[in-house]
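Chemist: Please find the sequence and the predicted model below.
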Amino acid sequence: MTADTLTAIPLPDAPLGATIQLPTGITDPADLNDADFQKLKEALMTYSVVVIPDQAKLKPSSQYAITKRMDPSCGEGAYGHSKEFRHKQSVLAKDGHSVPHQPQVQILGQGTHYNHEGVDQLTLTHPIHDTFHKNVLTDEEKAQGYTRFYRWHIDSALYGLSPPVCTTLLGIDVPPSSKHQKVKYTDTGDELELTQAATCFVSGANAFKLLSPEDQKLALESTVVYAPHPYIFISPAKATDDGLTMVSEGKEMDLEKLPEWEESKVKRLPMVWTNPVTGEHHLQAHGCCVHKIERKNGEVLQLEDARKELYRIMRPNIDPKYVYAHSWKAGDLVLFHNQGVWHSVTGQFAPDEKRLMHQCNIASGVDPVCNA
């Protein structure tokens, strides 16, 4: 099926998302003309997640160009949180490697790969909940195919840099869609079946709609204050079973022991961000990296209470019926509105299994805003 202009087709039976049909003759989305690229951007803001299939040959330079074009305010800088990504104490340290000739694009996955993008040998480690959660699944549960949401998050340094508008993910070598796993919800007993290592998304707009009128008012009048170098700050701590936030046990790194930081670079972001295309309010917070919540009325929730509050208002939105679990096919290019959704890695791999992906996001030049 072909068309003269870019078309977005909503995903059937999914709570969010759309498939993108490129115009006739266009194989590389970086080659879209301005009118069609604007349609792509509007589709991204409207459907939150868009999938462009058959992009297995997409070059890192094109992926970077597409990602950067989504946000004219972003500069020429590298990956949105590159310094945090590389710091040996960061929880992100083992999550990927840069493409040597296009460092804004990260190589993610599992297993050892050879002769990829100029790298002779590359060993990748897929993030698994065993290394991040306080309580982990038993070997018996894993053998039965159970997995967890690793960490619900927004892609962002959350220190010194503004959250990216768009993240792009390219599936190059992915597990067969025939292999399924199940997310176990330990608080309700619910289960969500998905393909191995599916990437899960939920809508921040839906999260806001699920709030009571009183909580919507509170959210609109709240600012989330993030810890300096948040991924290092939380590195000694462990996450809740669903990956929404951290367990408060006083294990966080002392602020005095963090790498040098400046108060002016600490991120203070509205709890609710307004979608510039739809006008909808999106509840957007990183529950693992929160340090404080400040209310318009002067109330300040410190670390433990801030985590409890975010958990209370965010937990309903990750119920199975609200989750879109993307089942990867080789060549899928997934773009998601990073200022409008939360997402999470899932899945475990056997030692001999492999996965290879490219990811790109670039810090925005401006912070998201709430037009209350």
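Modeler: Here it is on my side, so go on.
Chemist: Give me the longest strand you can find in the chain.
Modeler: Scanning the chain for the strand with the most residues, using DSSP state E, yields strand 102-116.
Chemist: for it, packing partners?
Modeler: helix 60-69, strand 97-99, strand 119-124, strand 355-361 (3 or more C-beta pairs under 8 Å, 6 or more residues apart in numbering; DSSP states H and E). All C-beta atoms are positioned from the backbone trio N, CA, C, and that covers glycine.
Chemist: Just the buried positions in the very next helix or strand once past the third one, please.
Modeler: Reading on from strand 119-124 to the C-terminus, the next helix or strand found by DSSP states H and E is helix 139-143. Taking 16 or more other C-beta atoms under 10 Å as the neighbour-count basis, helix 139-143 is seen to contain the buried residues Lys142.
Chemist: ok so, going back, what comes up buried for the longest strand of the chain?
Modeler: Within strand 102-116, the residues scored as buried using 16+ other C-beta under 10 Å are 102, 104-111, 113, 116.
Chemist: Would you mind giving the helices and strands packed on strand 102-116 as TSV with distance to Tyr150, mean pLDDT and mean neighbour count added?
Modeler: Listed next are the helices and strands packed on strand 102-116 as TSV, based on distance: least, C-beta to C-beta, whole Å; pLDDT from 0 to 100; neighbours: other C-beta atoms under 10 Å:
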stretch	distance to Tyr150	mean pLDDT	mean neighbour count
helix 60-69	22	97	20
strand 97-99	19	91	20
strand 119-124	15	94	13
strand 355-361	14	97	23
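Chemist: nearest to Ser203, of the ones you listed?
Modeler: Comparing those by their distance to Ser203 (C-beta to C-beta), the top pick is strand 355-361, with 18.3 Å.
Chemist: okay, the angle between that closest one and helix 60-69?
Modeler: On the basis of axes from the mean of the first three to the mean of the last three C-alpha atoms, to 10 degrees, strand 355-361 is oriented at 40 degrees to helix 60-69.
Chemist: Over to the nearest residue to Val277 once chain neighbours are set aside. Which of the three states is it?
Modeler: In this structure, Val277 finds its nearest non-sequential neighbour in Met45, 3.6 Å apart by C-beta to C-beta, 6 or more residues apart in numbering. Assigned by DSSP: H, G, I helix; E, B strand; the rest coil, the conformation of Met45 is helix.
Chemist: Met45 reaches His282, doesn't it?
Modeler: No: counting by C-beta atoms under 8 Å, Met45 does not reach His282; the two are 10.3 Å apart.
Chemist: rewinding a little: CSV for the helices and strands packed on strand 102-116, including distance to Leu210?
Modeler: Formatted as CSV, those follow (distance: least, C-beta to C-beta, whole Å):
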stretch, distance to Leu210
helix 60-69, 30
strand 97-99, 38
strand 119-124, 36
strand 355-361, 26
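Chemist: Now do the strands in the stretch 201-350 of the chain.
Modeler: 222-226, 268-270, 272-274, 281-283, 290-295, 300-301, 324-326, 333-337, 341-344 (DSSP state E, counting those that start in this stretch).
Chemist: Quick one: distance of the longest one to the chain centre.
Modeler: So the one you mean is strand 290-295. Centroid displacement of strand 290-295 relative to its chain, using C-alpha atoms, centre = their mean, to the nearest Å, is 21 Å.
Chemist: contacting residues around the residue nearest to Val277?
Modeler: Shown in contact with Met45 (C-beta atoms under 8 Å, 6 or more residues apart in numbering): 275-278, 337, 340.
Chemist: do the same with Ala198
Modeler: Counting by C-beta under 8 Å, 6+ apart, Ala198 touches 325-328, 346-347.
Chemist: most surrounded residue in the residues you listed?
Modeler: Highest neighbour count within the contacts of Ala198, by other C-beta atoms under 10 Å: Thr346, with 26 neighbours.
Chemist: and that residue, how far is that from Asp173?
Modeler: 18 Å (C-beta to C-beta, to the nearest Å).
Chemist: returning to that earlier point: joint contacts of Met45 and His282?
Modeler: Each of 275, 340 lies in contact with both Met45 and His282 under the rule C-beta under 8 Å, 6+ apart.
Chemist: residues contacting His126?
Modeler: 108-110, 197, 345, 347-349, 355.
Chemist: Can you pull out the low-pLDDT segments for this structure?
Modeler: For the chain, the stretches with pLDDT under 70 are 1-2, 76-95.
Chemist: and it, what are its domains?
Modeler: Domain assignment for the chain by automatic domain parsing gives 7-204+318-361, 210-316.
Chemist: Save those domains as JSON lines, and put in distance to Ala372 too.
Modeler: Below are the domains of the chain laid out as JSON lines (distance: least, C-beta to C-beta, whole Å):
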{"stretch": "domain 7-204+318-361", "distance to Ala372": "15"}
{"stretch": "domain 210-316", "distance to Ala372": "5"}
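Chemist: So which of these is nearest Cys370?
Modeler: Comparing these by C-beta to C-beta, domain 210-316 comes nearest, at 4.0 Å.
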